[in-house]
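Chemist: Could you look at this predicted model? Sequence included:
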Amino acid sequence: PFARAGTPPRLHAAQSMPRSPYTRLLLCLVSLALLAETRPPPGSCAAKRASGEGAAGRAWSGIELECRTKLEANRTVAAMRCLEGHFLEAREPGRRAGDFFTTLRKLRHDAEMITWLEQEGKVKTEVKKLYRGIYHAARPKHMHQPDKVFEVNFQEQNDDRSLWQKAHNKAIYIDPVGKEVPKKTIRAKPVVLQTFEESFASSGYAVIDKLLTDGTLKKLLQFLQASTFYFYPRKDRHLMALLEDGLASPLLAQLVDGLRLSLPALLGPLPLTGARAWKADNSPLNDGVVQAPELTNSSADAAVSVLLWTVPASALNGTAAHALELRRRRDGTDDEGSCAAAGAEGRSCAEASGEPAAIVKYLANRAVLWGPGLTAEWTGPGWQSGFLQRGVHLLLTFGWTRCP
């Protein structure tokens, strides 16, 4: 189901030309153009070197160098193709060794997801039976520590062990909608978007409703819900997907370039430096505890952060009115240390930062943008039960305030 990207056409060297005055002038202009292309884009790591490294910087350093180079050059489509190739090489079923470690919370999600995929005719019934059986066997022992990592052991080398080895933490189903390239991704009109750019320049943030076209929103939601690329359990009771480990796709590339073209003053010159998606836990294992994805640390190094919501607000199990708080950073730098100190005192990161600069209501197809002078923290409720009711937060980061 995974079509490999074709080999790009070769570029043939130009034949030697007589050096007439006109030719020399033409060569000079071409040389200047090439020189301009080699200059790093504003907001890129090459343009803004500085000491220090936050969570986003560490993630950036983990991306293959050839793919990072393409992102730096704003060659988004080529970069996504590069990232997707490395992802499939590592995660296609049957590639590399199997992964036998998991947590009960992740196993609960995976069993629920594969059950849904089996009902949709996307995976085989034996995969569903295997995951459900392992979850029910593990639940009594691990239900009181659902985030503790444990190893799934098989007594012998049998069909179940072989199937788990091929399926667990593998790309057993990546929704083909991710291969689609919508002609138009941004619904909002340019004159309206210009006002948001002006608002961002004065306040450091902007909230844009009905950002995406209906078709793009539907495709993006389907891609984020139906694809098996949530490999990383997080301490905040979410599972996380990464740009370099599943999210990279033609659909995301088209969305990113659409944003940069529609917000030229704000995002135009900035390369994409990261993408993360968090999927919330709405199972009984959550015990009603509020879940807040790691937005602060994940956006600390970004020049501009863009948070997109795709799941309908009806999936929330409480009010959507006070879903996100934007607060001023104390010193305009990474708040990782101050947030850790607040946690040790039993306070949230938001509580340690004073009054919020903005309180944002949750709505599907709403984008929240903020700059490096602000932090963002989810303060909304949890999510109703059901696989398609799990909340998903997609964070895109552009440019750098400092670089690894």
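Modeler: Good, I have the coordinates. These numbers were taken from a predicted model, which means no experiment stands behind them. Numbering: from 1, shown residues only.
Chemist: pretty sure Leu193 is touching Arg260, no?
Modeler: No. Between Leu193 and Arg260 there is no contact under Cβ atoms under 8 Å: 11.7 Å. Bear in mind the C-beta positions are built from the backbone N, C-alpha and C, glycine included.
Chemist: if I look at the residue nearest to Asp147 when sequence neighbours are not counted, how far off is Pro293?
Modeler: Leaving aside its sequence neighbours, Asp147 sits nearest to Thr103 (Cβ to Cβ, 6 or more residues apart in numbering; 5.3 Å). According to Cβ to Cβ, to the nearest Å, Thr103 stands 17 Å off from Pro293.
Chemist: just Gly354 next, same as before
Modeler: With Cβ to Cβ as the criterion, Gly354 and Pro293 are 22 Å apart.
Chemist: who's in contact with the residue most central in space within the chain?
Modeler: Compute the mean C-alpha point of the chain, and by Cα atoms, centre = their mean the closest residue is Arg276, 2.1 Å away. Listed by Cβ atoms under 8 Å, 6 or more residues apart in numbering, the contact set of Arg276 reads Ala59, Met240, Ala241, Leu242, Leu243, Leu247, Ser298, Leu394, Leu395.
Chemist: Report the buried residues of the top strand by length along the chain.
Modeler: Determined from DSSP state E, the single longest strand within the chain is strand 272-280. Under the neighbour-count criterion of 16 or more other Cβ atoms under 10 Å, strand 272-280 has Leu272, Thr273, Gly274, Ala275, Arg276, Ala277, Trp278, Lys279, Ala280 buried.
Chemist: Given it, what are its sheet partners and their directions?
Modeler: Strand pairing for strand 272-280, using DSSP bridges, gives strand 238-242 (antiparallel), strand 392-398 (antiparallel).
Chemist: Look at Leu259 and tell me its secondary structure.
Modeler: helix (DSSP: H, G, I helix; E, B strand; the rest coil).
Chemist: And for Ala367?
Modeler: Ala367 is classified as strand under three-state DSSP.
Chemist: Was I right to think it contacts Val304?
Modeler: No. In this structure, Ala367 is not within contact of Val304 by Cβ under 8 Å, at 11.2 Å.
Chemist: per-residue confidence for Ser298?
Modeler: Per-residue pLDDT puts Ser298 at 89.
Chemist: how close does the residue nearest to the centre of the chain get to Ser385?
Modeler: In terms of Cβ to Cβ, Arg276 sits 24 Å off from Ser385.
Chemist: can you check Gln222 too?
Modeler: Distance from Gln222 to Ser385, by Cβ to Cβ: 20 Å.
Chemist: how about low-confidence regions in the chain?
Modeler: 1-58, 288, 331-353, 402-404 (pLDDT under 70).
Chemist: where along it do the strands fall?
Modeler: For the chain, the strands defined by DSSP E cover 101-102, 150-151, 205-209, 232-233, 238-242, 272-280, 304-309, 324-328, 358-360, 366-370, 374-378, 392-398.
Chemist: Dump the ones you listed into TSV; add distance to Lys124 as well.
Modeler: Output for the strands of the chain, formatted as TSV (distance: least, Cβ to Cβ, whole Å):
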stretch	distance to Lys124
strand 101-102	20
strand 150-151	25
strand 205-209	41
strand 232-233	25
strand 238-242	23
strand 272-280	23
strand 304-309	33
strand 324-328	40
strand 358-360	42
strand 366-370	38
strand 374-378	36
strand 392-398	26
